[in-house]
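Student: let me see the structure of the following:
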Amino acid sequence: MRVQNVTRKMKCWFLLPLLLITVNSSAQVKYFIIPDQAEDYTINHYKLSTEKLYGVKKNVELFSLTFPGSETIKRSMKQYVDMDLDIVLFSVLPDLSGKSDWIEIKMDSIKSNIITHSNLIRLLSLNTFSDYEQQYRAKNKYFDEYQVIKKIDNKYFASKHCLLQFFAVRNRPSVFQNVFGTINTEQEPITIIEMEQIFKKRYRGSIFPPYSIGESPYSYSSGGFDFLRDRREYLSKVIKLRNDELAYQFWTYTNWHEHRHEFEIDRGIDRFVYLPGQGIIGGSFDFYFYFHRKKLPIGYADFMQNIKEEKVMIADNYK
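Tutor: Here you go, the predicted structure:
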């Protein structure tokens, strides 16, 4: 009997991945239509060349949607406009095996899977920890679960690969807490290299979390890194753009913990550039390109160098 029970349990464990694949494949992709003109938020669209950072002549397209934060709405005071904002970022990532990153789509075929403005606001609220009574999951980024649709002439095109994530812009001194997904331009700047030195002094023998790229989840020790408590975005530096505007570059403090055959979605746009009034104008997507590294002319050492030097792609009109 014991042998039979063990056999049954082993069968269940082997069948579990197949069950998960079936469930995931049956999940319906949701679509958000980029409006011609937004009413209560602004949309900024940017194209980033991937050639210098990842060695391929492709583009990443950013749709940065900026909403007034709850404090701005509540008080309707101008001084809160730059302090209390929310950002929804759709990042259309290139199809490295194809010629186009978009596919023509018939609206009738997906009309039941279109998310409305109110649906998007609800997602924003849930993923920026804005509902005090809500229980939150560790996941707050979505890859290929939501696609954007843009209209060209009288035709509609849906993205093939899209990352959806959310940010709360909350500018205040560093003494205040910044939870994961917070953009704070008033932080004391600290680079990845500086943070690495602090980490190594405190956690001797542990791998600095952003450097755990390429490590197997079976061998990588997460000593010194508390996944739920430690993840956050750090301000690295202030950049003067060619038009003399000041932008803010951030990097994401989190580790690499997925298997090599899985996307490290939690990293998202792991280094990014935020320009007040214009949204997110640049960044890097190591989680996506490292997964597809066999299709690229760069390797592990190049990715590590990019991380340490905090290299990013920036929209051409701001270089």
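Student: ok, the spatially most central residue of the chain - contacts?
Tutor: Nearest residue to the geometric centre of the chain (Cα atoms, centre = their mean): Gly268, 2.6 Å. Residues counted as contacts of Gly268 (Cβ atoms under 8 Å, 6 or more residues apart in numbering) are 141, 163, 165, 252, 285, 287. Using the backbone N, CA and C atoms, a C-beta is placed for each residue, glycine as well.
Student: now do it, the pLDDT please.
Tutor: Gly268 is assigned 97 on the pLDDT scale.
Student: all helices for this protein, in order.
Tutor: With helices called from DSSP state H, the chain shows them at 2-26, 51-54, 70-75, 107-110, 117-127, 192-202, 227-230, 286-291, 300-309.
Student: list the buried residues of stretch 34-48.
Tutor: If you call a residue buried by 16 or more other Cβ atoms under 10 Å, then stretch 34-48 has these buried ones: 41, 43-44, 46, 48.
Student: find the pair from those with maximum spatial separation.
Tutor: Tyr41 and Leu48 (21.6 Å; Cβ to Cβ).
Student: tally of neighbours for the closest residue to Asp144 other than its chain neighbours?
Tutor: Using Cβ to Cβ, 6 or more residues apart in numbering and skipping the chain neighbours, the partner closest in space to Asp144 is His161 (6.0 Å). His161 has 16 neighbouring residues, counting by other Cβ atoms under 10 Å.
Student: you'd agree His161 is up against Ser100?
Tutor: No. His161 lies out of contact with Ser100 (Cβ atoms under 8 Å); the separation is 11.4 Å.
Student: so Ile314 bridges to which residues?
Tutor: Here Ile314 sits in beta bridges with Gly282, going by DSSP bridges.
Student: what of Lys155?
Tutor: The bridge-partner assignment for Lys155, based on DSSP bridges, gives Ile152.
Student: can you start the count at 33 instead of 1 from here on
Tutor: Happy to do that; since the first residue is 33 now, the last one works out to Lys187.
Student: so where's the stretch 233-351 of the chain shaky on pLDDT?
Tutor: For the stretch 233-351 of the chain, the stretches flagged by pLDDT under 70 are 250-254.
Student: now do the strands in it.
Tutor: Taking DSSP state E, counting those that start in this stretch, the strands of the stretch 233-351 of the chain run over residues 264-272, 278-285, 303-307, 311-316, 345-346.
Student: for Asn76, see how far away the residue nearest to Asp176 is.
Tutor: His193 is 20 Å from Asn76, where distance means Cβ to Cβ, to the nearest Å.
Student: name the nearest residue to Gln310, ignoring sequence neighbours.
Tutor: Asn76 (5.4 Å).
Student: which residues sit in contact with that neighbour?
Tutor: For Asn76, the contact set (Cβ under 8 Å, 6+ apart) comprises 94-96, 98, 310-311, 313.
Student: Glu294: which of those is nearest?
Tutor: Set against Glu294, the nearest of these by Cβ to Cβ is Leu94 (23.9 Å).
Student: re the thing from before, tell me the contacts of the residue nearest to Asp176?
Tutor: Counting by Cβ under 8 Å, 6+ apart, His193 touches 124-127, 133, 175-176, 320.
Student: type out the PyMOL command that picks the buried ones from those.
Tutor: The buried residues among the contacts of His193 can be selected in PyMOL (16+ other Cβ under 10 Å) with this line:
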select buried, resi 124+125+126+133+175+320
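Student: burial count for Glu294?
Tutor: Look at Glu294: counted by other Cβ under 10 Å, it has 11 neighbours.
Student: what's the neighbour count on the closest residue to it other than its chain neighbours?
Tutor: Among residues not flanking Glu294 along the chain, Phe323 sits closest, at 7.9 Å (Cβ to Cβ, 6+ apart). Using other Cβ under 10 Å, Phe323 has 18 other residues around it.
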